[in-house]
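> I'd like to go over a predicted model; first the sequence, then the structure.
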Amino acid sequence: MQPQEIEPLFTRNDGSYLCARWGRPLVPIVFGVEDETLSVIKGAFEAVCSLAGAKMAETDPELGANVMVFFFRDWAELLEVPDLGRLIEDLEPLVAKLQAADANQYRAFRFDQQGAIKAAFVFLRVDEALAAQPAEELALAQVVQVMLLWSERAFAERSALGVLEDGRVVLRPEIGALLRAAYDPVMPAQASDASHALRLSARIGVKG
C-alpha cells in the first residue's frame, strides 16, 4: 500500500491524523449471543491477532476483560446494562444520538498513558442488515475494526473484507499487511502525524 492509500484510513473527520494499536493483550467478552456465535467471534479474534502479531490473554489485570462486545435489538437496552454508564461517558445522550441516526453499530476506545488502546467497547444493534450477514463475516469485520483506531469512514466505501473465488470471505491482503506493519515493534503505539503513513508503507514493503 502506498502512503496516499494509508493516510485516509487514519484521518479523522476533522482532518487530523491518528492511529493507535493495542498496548496489551486483548481479552474479549461477548454479550447477547448464543454459544455457537460466541465461538465464531473468539475464532475471529484469534485469527486476526495471530495475523497482526498481537497477543490475547485469559484476563486483563486491570480490567478483567478489555474488549466488550454487545449484541442487542434496541439501543435503549444499553441503558439497562448495570454499570455501563460508568464505562461509557454520557451514555444517555449517546444512545439518543444513535437512535436518531438509526445506527446499527458504535465503537468506543480507551487509551493508556502512552496512547495505546487499553479497552474497546463494541455495540451492535442487530437490524436487518446485520442479521443478514453470516456470523463469520460479521465477526471478522468487527474484530478488524477494534485492532487499530481507524478513521470514522475507513471502511465506509470499501469493506476490509474480500471474497475468494470459492465464496469464502477473508481479510483483504493489503489490510492484513497494514495490520502487521502497525504492530511491528519498531512502530509507535500511537501516532498523530501523517508521516506515520509513510512508515507503515515502508514496513509493508520490507515485509513483502
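That came through, no problem.
> Mind naming the longest strand for the protein?
Longest strand in the chain, counting residues (DSSP state E): strand 117-125.
> what helices or strands is the helix or strand just after that strand leaning on?
Sequence order places helix 128-132 as the next helix or strand after strand 117-125, per DSSP states H and E. Using 3 or more Cβ pairs under 8 Å, 6 or more residues apart in numbering; DSSP states H and E as the contact test, no helix or strand touches helix 128-132. (C-beta placed from N, C-alpha, C; glycine too.)
> Let me know the angle separating the very next helix or strand once past helix 128-132 from strand 117-125.
As assigned by DSSP H and E, the chain's next helix or strand after helix 128-132 is helix 135-147. Using axes from the mean of the first three to the mean of the last three Cα atoms, to 10 degrees, the direction of helix 135-147 lies 140 degrees away from that of strand 117-125.
> Next SSE downstream of helix 135-147?
strand 161-163.
> Buried by neighbour count: which residues of that following strand qualify?
Of the residues in strand 161-163, Leu161 count as buried by neighbour count, 16 or more other Cβ atoms under 10 Å.
> Can you tell me the strand partners of it and which way each runs?
When pairing is defined by DSSP bridges, strand 161-163 lines up against strand 169-171 (antiparallel).
> Convert the C-alpha atoms of the helix or strand following the partner strand to CSV, please.
Of the helices and strands lying after strand 169-171 in sequence (DSSP H and E), the nearest is helix 173-182. Extracted C-alpha coordinates of helix 173-182, given in CSV (Å, rounded to 0.1, in the frame of the first residue of the first chain):
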residue,chain,number,x,y,z
PRO,A,173,-4.4,-8.9,1.9
GLU,A,174,-3.4,-5.3,2.0
ILE,A,175,-5.4,-4.7,5.2
GLY,A,176,-3.7,-7.8,6.7
ALA,A,177,-0.3,-6.4,5.7
LEU,A,178,-1.2,-3.0,7.2
LEU,A,179,-2.1,-4.6,10.5
ARG,A,180,1.2,-6.5,10.6
ALA,A,181,3.1,-3.2,9.8
ALA,A,182,1.2,-1.3,12.6
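> in helix 173-182, what counts as buried?
175-182.
> Which of those residues sits closest to Val81?
Leu179 (30.2 Å; Cβ to Cβ).
> Show the contacting residues for the closest one.
Taking Cβ atoms under 8 Å, 6 or more residues apart in numbering, we find Leu179 in contact with 48, 51-52, 144, 147-148.
> try it again with 10 Å
For Leu179, the contact set (Cβ atoms under 10 Å, 6 or more residues apart in numbering) comprises 21, 48-49, 51-54, 144, 147-148, 160, 171.
> In those residues, find the pair that's most separated.
Every pair of those checked by Cβ to Cβ; the farthest is Gly53 and Ala160, at 17.3 Å.
> Skipping its backbone neighbours, what lies nearest the residue nearest the centre of the chain in space?
Using Cα atoms, centre = their mean, the residue of the chain that lies closest to the mean C-alpha position is Val146, 1.6 Å off. Spatially, and ignoring its direct neighbours in sequence, Val146 is nearest to Ala120 (4.4 Å; Cβ to Cβ, 6 or more residues apart in numbering).
> Poorly predicted segments of the protein, please.
Applying pLDDT under 70 to the chain flags residues 206-208.
> quick check: longest helix of it.
Across the chain, the longest stretch assigned as helix under DSSP state H is helix 35-52.
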